[in-house]
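J.: coords please:
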Amino acid sequence: MNDRTPDLELTRPAREMWELPLSKRTRLLTERYRLHPKKRLGQSFLVNDQAAARLADVVGETEPPGVVEIGGGLGALTVAIARRLPRARLIVYEVDTALCQALADVLAPISRRCWVHCCDFLKASHEEAGATDEWALVGNLPYSLTTPILESIFSASLRWRTVVLMVQREFAQRMIAGPGSHTYGALSLFTQANCEQVERVMRLKPSSFWPKPEVESVVLRICLRRHPPECIEDSALFETVVRGAFNYRRKTLVRALVTAGVLGATEEQVQSAVAAAGLDPVQRPETLSLEEFAALTSALSG
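T.: Down below sits the predicted model:
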């Protein structure tokens with residue numbers, strides 16, 4: 001261990017485990033605990049040591065007093081964060097019960113400040129576990145759960161100091177897309193509405209994981225807004241209008257909103273609201289900015 005971890009009193013087996021390269025540590029753990037990556041859970045374990053260290057640096061840049069990790073896996077990122085932040089508390093969620101014992105054993109050296117919860121992140125109460133707005137959130141998200149996890153983060157009252165997420169490159173492109181892009185959609189707008197900044201900090205090839213996924217991954221550093229943008233008067237109504245419009249993104253704006261039955265408005269009411277918002281009724285939803293959707297929402301609700 002290095003001199004940044006004065007509080008880690010490692011047993012010899014744990015010390016040896018932590019010092020192994022990630023690829024070898026992963027192989028040893030899966031053999032010792034007879035573990036097999038579950039495709040239904042989208043499990044791919046990080047085996048790139050440089051990437052783990054870089055991720056830990058990104059999480060640690062704001063020196064949070066605590067870190068919550070979504071999906072601890074076999075502890076690749078958790079160990080790196082523990083080294084980078086030797087005083088921080090760590091809460092790790094892992095839904096796969098088969099991994100929990102191995103994960104707890106790997107993290108035993110820091111059990112005084114690290115807790116493994118074998119449960120679903122989406123069903124947990126992070127405030128009750130001790131997390132605050134000053135904490136950081138980090139996770140390597142399986143594709144099938146990326147949207148619900150992101151929606152949970154956006155809707156929660158807890159506004160993490162830093163959010164660092166590893167997602168599929170395609171999903172990252174949808175998050176940061178601008179109006180007019182073929183990847184621009186409801187996700188892009190909800191990201192803008194809830195985040196002050198979304199920054200790509202790293203791109204990871206499939207070879208960084210075991211087993212290798214079929215797509216590349218991107219690491220995003222997210223700074224959440226404390227409050228919605230001033231142009232959005234009602235976040236729930238804004239979300240309803242955006243979802244309704246993009247449910248029929250190939251239609252013109254008026255036809256999309258009428259077909260979706262947004263707010264129960266008639267075609268005449270929708271046309272009137274579109275005009276009041278200064279928009280062209282034959283525009284398509286993917287051409288509207290956040291401010292234009294906010295103005296349209298206000299006009300429809302008025």
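J.: where's residue 17, which helix or strand?
T.: helix 12-19 (DSSP states H and E).
J.: what about the helices in the chain?
T.: 12-19, 22-32, 49-60, 76-84, 97-106, 126-129, 143-155, 169-176, 186-194, 235-246, 253-260, 267-276, 290-301 (DSSP state H).
J.: Centre of the chain to the shortest one, how far?
T.: Think helix 126-129. Centroid separation between helix 126-129 and its chain, computed with Cα atoms, centre = their mean, to the nearest Å, is 18 Å.
J.: So for it, what gets flagged as buried?
T.: Residues residue 126 are the ones in helix 126-129 that count as buried (16 or more other Cβ atoms under 10 Å). Yep, even glycine has a C-beta here, placed from its N, CA and C like the rest.
J.: what residues does it touch?
T.: Outside helix 126-129, the residues that touch it by Cβ atoms under 8 Å, 6 or more residues apart in numbering are 68, 91, 115, 117, 156, 158.
J.: What subset of those is buried?
T.: 68, 91, 115, 117.
J.: show me the contacts for the third one.
T.: Right, residue 115. Here residue 115 is in contact with 90-92, 129 (Cβ under 8 Å, 6+ apart).
J.: With the last one instead?
T.: When the contact criterion is Cβ under 8 Å, 6+ apart, the partners of residue 117 are 91-94, 124, 129.
J.: Of the contacts of helix 126-129, which is the nearest to residue 272?
T.: Nearest to residue 272, judged by Cβ to Cβ, of these is residue 156 at 35.9 Å.
J.: Tell me how far that closest one lies from residue 166.
T.: 19 Å (Cβ to Cβ, to the nearest Å).
J.: Contacts only, for the residue nearest to residue 288 when sequence neighbours are not counted.
T.: Counting by Cβ to Cβ, 6 or more residues apart in numbering, the nearest residue to residue 288 once its immediate chain neighbours are dropped is residue 179, at 6.3 Å. Contacts here follow Cβ under 8 Å, 6+ apart; on that basis residue 179 touches 286-289.
J.: Mind pulling up the pLDDT for residue 179?
T.: Looking at residue 179, its pLDDT reads 97.
J.: ok, how many other residues are close to residue 143?
T.: 14 (other Cβ atoms under 10 Å).
J.: How about residue 228?
T.: Residue 228 has 14 nearby residues by other Cβ under 10 Å.
J.: Which residue in the contacts of residue 115 has the weakest pLDDT?
T.: Where pLDDT dips furthest among the contacts of residue 115: residue 129, at 89.
J.: Tell me, please, where in the stretch 101-250 of the chain the pLDDT is lower than the cut-off.
T.: For the stretch 101-250 of the chain, applying pLDDT under 70 flags no range at all.
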